[in-house]
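S.K.: Return atomic coordinates for the entry below.
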Amino acid sequence: MSLLDISTDHCLVEQREHTLLITLNRPDAKNAFSQQMLMGLYRAWRRLDADGELRCAVLTANGDTFCAGMDLKSGPDQALAAEFDALRQQVPDLHWQALLRHQVPSKPIILAVEGYALAGGTEILQGTDIRVCANNAVFGITEVARGLFPLGGSSVRLRRQIPYCLAAEMLLTGRHVSAREALDWGLVNRVVEPGQALAEALQIAGKICTNGPLAVAAVLKSLRANGAHLSEEEALRQELIIGQPVFQSQDAQEGMRAFAEKRPPIFRGL
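M.R.: Predicted coordinates:
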């Protein structure tokens, strides 16, 4: 493993060809969010946006728990407090960017979950695009059980991603949701055997990376922007604005030429 310089002890970041692999690395604390983890996540998302070589990201975690959400036991890391505070001065919403509440990257994010993903662990899920989990995964927005509010965006996003009544049940009862239920509800894409979530996510990432990056970016933009809040007429109008420029790209010409020549295309993002 060759870690990038934006990594922290609690958030490991590496590049695997065109994929940015981000690993939560605080297994002794159930990967609860820490200052180190938030800084690493923030920097990873900004690197994903800024680096033209990167085409997607995979988010996963070490240990038998994906993420237990906010750390309710430990205080701030005093050794990193000054660095964290200095970064917060520059980026006041750093924690929200880290948790994919604000400024979600413009490239696809694939999630690989093993074990429990509770509170913030399910909240960050909602900022991702494709989700793989092991059959031992457990999800839940559990803040109400602690008298807290899920500020990671779940009261808005969850009802847009699964049926309203199911979102209401998760948010108002705080109950745990099994991998099978999450799949049936459309909260995740697929369920695999324990230990296989990351491999499956990387396989999906590899497929995305073989496609035209400009086309992928435009499709993702349309998916995210043209939601149910727009009329179909307006959404289709916006789709044309987003999608038509792709046909003028060099990649589009290469894709059609490669098809005619019966060979794999070589996309350059141009």
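S.K.: Residue 130 contacts residue 200, doesn't it?
M.R.: No - judged on C-beta atoms under 8 Å, residue 130 makes no contact with residue 200 at a distance of 10.0 Å. No exception for glycine: its C-beta is placed from N, CA and C like everyone else's.
S.K.: who touches both of those two?
M.R.: The contact sets of residue 130 and residue 200 do not overlap (C-beta atoms under 8 Å, 6 or more residues apart in numbering).
S.K.: and the lowest-mean-pLDDT helix or strand in the chain, how far out from the chain's middle?
M.R.: In the chain, the helix or strand scored least confidently by mean pLDDT, DSSP states H and E is helix 81-90, which has a mean of 86. Computed by C-alpha atoms, centre = their mean, to the nearest Å, the chain-centroid distance of helix 81-90 equals 24 Å.
S.K.: List the buried residues for the strand or helix carrying residue 242?
M.R.: Per DSSP states H and E: residue 242 is located in helix 232-243. Neighbour counts over helix 232-243 (16 or more other C-beta atoms under 10 Å) mark 239, 242 as buried.
S.K.: Does that helix pack against any helices or strands, and if so which?
M.R.: With contacts defined as 3 or more C-beta pairs under 8 Å, 6 or more residues apart in numbering; DSSP states H and E, helix 232-243 has these neighbours: helix 213-225.
S.K.: and the helix it packs on, what's its mean pLDDT?
M.R.: Per-region confidence: helix 213-225 scores 94 on mean pLDDT.
S.K.: got a list of contacts for the helix or strand encompassing residue 260?
M.R.: Per DSSP H and E, residue 260 falls inside helix 250-261. Helix 250-261 has contacts (C-beta under 8 Å, 6+ apart) with 212, 213, 214, 215, 246, 264, 265, 266, 267, 268, 269, 270.
S.K.: Any of these buried? List them.
M.R.: Using 16+ other C-beta under 10 Å as the burial test, the contacts of helix 250-261 include 212, 213, 214, 215, 246, 265, 267, 269 as buried.
S.K.: doesn't residue 213 make contact with the last one?
M.R.: Yes - counting by C-beta under 8 Å, a contact exists between residue 269 and residue 213, whose distance comes to 4.3 Å.
S.K.: CA atoms of the longest helix along the chain as PDB?
M.R.: In terms of residue count, the longest helix belonging to the chain (DSSP state H) is helix 35-50. Included here for helix 35-50 are C-alpha records, laid out as PDB according to Å, rounded to 0.1, in the frame of the first residue of the first chain:
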ATOM      1  CA  GLN A  35     -10.700  15.100  13.900                       C
ATOM      2  CA  GLN A  36      -8.000  13.100  12.000                       C
ATOM      3  CA  MET A  37     -10.700  11.200  10.100                       C
ATOM      4  CA  LEU A  38     -12.600  14.300   9.100                       C
ATOM      5  CA  MET A  39      -9.400  16.000   7.900                       C
ATOM      6  CA  GLY A  40      -8.500  13.000   5.900                       C
ATOM      7  CA  LEU A  41     -12.000  12.600   4.300                       C
ATOM      8  CA  TYR A  42     -12.200  16.300   3.500                       C
ATOM      9  CA  ARG A  43      -8.800  16.300   1.800                       C
ATOM     10  CA  ALA A  44      -9.600  13.100  -0.100                       C
ATOM     11  CA  TRP A  45     -12.800  14.500  -1.600                       C
ATOM     12  CA  ARG A  46     -11.100  17.600  -2.700                       C
ATOM     13  CA  ARG A  47      -8.300  15.600  -4.200                       C
ATOM     14  CA  LEU A  48     -10.900  13.500  -6.100                       C
ATOM     15  CA  ASP A  49     -12.300  16.700  -7.600                       C
ATOM     16  CA  ALA A  50      -9.000  18.300  -8.400                       C
END
